[in-house]
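Q: Task: produce atomic coordinates for the following.
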Amino acid sequence: MKNFEPLLPFYEFIATNVTVGIHAVDLSGKTIIYNTKMKEIEGFHFDELADRSVIEMFSFRQHESTLMRVLQTGKKEINVKQTYWNKNGHEITTINDTFPLYIENKLIGAIEFARDITSLEKLVYQPLRRYGEPLTFDMITAVSESMRQVIANAKKAASVKLPVLLIGESGTGKDLVAEGMHHAVSTDPEAFVTLVSRRSAQSVLDKLQELLQDNKAYTFFFERIDFLSLDIQEQLLEVLQSLPQSKFMLIGSVGSDPITLIAEKKLSKSLYYFFATMAITIPNLTDRKEDILPFADDYFSRHRERFASNVTELAPDVQDLFLQYDWPGNLKELELLLDEIVSFMTTESTVTSDFLPMHFRFKVQQQDTTNHEPEFFMFQQQNDVMPLDAYLREAESYYVQNVLNLYEGNITKTASALGMSRQNLQYRIRKIKKQ
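A: Purely as a prediction, here's the structure:
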């Protein structure tokens, strides 16, 4: 066998300096290679990963780990988009090429090359966030009376820099309201800072202390303070109480009724009282359905402006479906669905039912089996028809994964929502992963 030792310094230099992330694991999912770019993307050091599997370290939102899937199938996966939370609690998106590694026809591991497209995703897939322009209240679609009241109250709070608690389920747009509050009183987009509480809670305090050294009039948005431990919440409160109210705008958010969260010991009563000088509840999209079609119109307008596309409207029957559906993922689910739909369109101007993705058809059908004929759930072309078993497996996989996402990976809550035991759900998840 040829001696590769003289080439090792070159391989090491390439792995260290290449502009794509490289992550290799052995058969157990433990990390073997983790280069500098991957560290930049995900925030981990090699030592943190060396003795733990990929699944232990990351929270995957839309798909299971591509590395683990390739280990299970032994087949490469090219150009797979993956969205998940990194160490610092930030949502990141990568495009991955993942390959199985064999020695003499024996699988020994998998290696992944990841291209970070997080910034591109935010530009293209979050059309409300026009980078380079402030996200103001005028850019938020608010036709319903309830949403108009939200914005009116947020403007009042911003004008006097009162601490504010935004209450609402995931995807309702709490972050949009918070950023709108900032731009109502500030012309500096860099002074709006979101501190995410989902992971590495201590980093929230560390980042806050670091920013306070700048002596800058920041707006701090503490996203989902109910994800912080009670101890960290008390430490956060101590810091916030020491800040001059006239200099900083302080906004917190929670994902459900704060009184319930306090009773469940997920929210500090004292931190709640601090933020709840003004509490603003952002309604679920299903409770303000009059905002759905105007939002779609605004989305299409932005899409035409940015990409010179032709898309202008939803067909009447599609409008009916949008108004019928309950949108458990709220505004974010609607936005992502529109992203997916327009990606299918080329010169067409009207979104007809042909462009609706299979998973949306399935969810509508699950919600109400009385309004549509069975043909509605089928593919539109004969060549697209799948065998029934394969179709049902795909539908089950999609549905289970999205309910898991809805309850942020909580097995107990997901099992309850699906009407099954924890053991049954865990069995189904294992079965899906083996498919």
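Q: CA atoms of stretch 106-115 as PDB?
A: Below are the C-alpha coordinates for stretch 106-115, written out as PDB (Å, rounded to 0.1, in the frame of the first residue of the first chain):
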ATOM      1  CA  LYS A 106     -17.000  -3.000   5.000                       C
ATOM      2  CA  LEU A 107     -18.800   0.100   6.200                       C
ATOM      3  CA  ILE A 108     -16.600   2.000   8.700                       C
ATOM      4  CA  GLY A 109     -18.300   5.300   9.000                       C
ATOM      5  CA  ALA A 110     -19.700   8.400   7.100                       C
ATOM      6  CA  ILE A 111     -18.400  11.800   6.200                       C
ATOM      7  CA  GLU A 112     -20.300  14.900   5.500                       C
ATOM      8  CA  PHE A 113     -19.400  18.100   3.600                       C
ATOM      9  CA  ALA A 114     -21.700  21.000   4.700                       C
ATOM     10  CA  ARG A 115     -22.200  24.300   3.000                       C
END
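Q: Residues contacting it, please?
A: Residues outside stretch 106-115 that contact it (Cβ atoms under 8 Å, 6 or more residues apart in numbering) are 20-27, 32-33, 38, 41, 66-67, 70-71, 74, 82, 94-102. Quick note: C-beta positions are derived from backbone N, CA and C, even for glycine.
Q: Can you say which of the residues you listed are buried?
A: Among those, the ones that count as buried by 16 or more other Cβ atoms under 10 Å are 20-25, 32, 38, 41, 66-67, 70-71, 82, 94-101.
Q: Filter the residues you listed down to the ones in helices?
A: Cross-referencing the buried ones among the contacts of stretch 106-115 against helices under DSSP state H gives M38, I41, T66, L67, V70, L71.
Q: I92 belongs to a strand?
A: Yes. Looking at I92 with DSSP: H, G, I helix; E, B strand; the rest coil, it is inside a strand.
Q: Any figure for the gap between it and Q235?
A: To Q235, I92 is 27 Å away according to Cβ to Cβ, to the nearest Å.
Q: now swap in G255 and tell me
A: Applying Cβ to Cβ, the value for G255 to Q235 is 21 Å.
Q: Buried residues in the helix ranked longest in the chain, which are they?
A: Longest helix in the chain, counting residues (DSSP H): helix 388-406. Residues Y391, E394, A395, S397, Y398, V400, Q401, N402, V403, L404, N405, L406 are the ones in helix 388-406 that count as buried (16+ other Cβ under 10 Å).
Q: now stretch 338-350
A: By 16+ other Cβ under 10 Å, the buried positions in stretch 338-350 come out as L338, D339, I341, V342, M345.
Q: Ends of it, what's the gap?
A: Start and end residues of stretch 338-350 are separated by 12 Å (Cα to Cα, to the nearest Å).
Q: Just the helices from the stretch 51-200 of the chain, written as ranges.
A: Here the stretch 51-200 of the chain has its helices, by DSSP state H, counting those that start in this stretch, at 54-57, 66-73, 118-125, 145-160, 174-185.
Q: which pair in the ones in helices among the buried ones among the contacts of stretch 106-115 spans the largest distance?
A: With Cβ to Cβ as the measure, no two of those lie farther apart than I41 and L71, at 20.5 Å.
Q: re the thing from before, out of the buried residues of helix 388-406, the closest to Q245 would be?
A: Proximity of the buried residues of helix 388-406 to Q245 (Cβ to Cβ) peaks at L406, which lies at 36.4 Å.
Q: Phi first, then psi, for the nearest residue to that closest one once chain neighbours are set aside.
A: Taking Cβ to Cβ, 6 or more residues apart in numbering, and ignoring the residues beside it in sequence, L406 has P328 as its nearest neighbour in space, at 6.0 Å. The phi and psi torsions at P328 (degrees, to the nearest 10) take the values phi -60, psi -30.
Q: list the buried ones in stretch 301-321?
A: Buried residues in stretch 301-321, counted by 16+ other Cβ under 10 Å: H303, S309, V311, L314, V318, L321.
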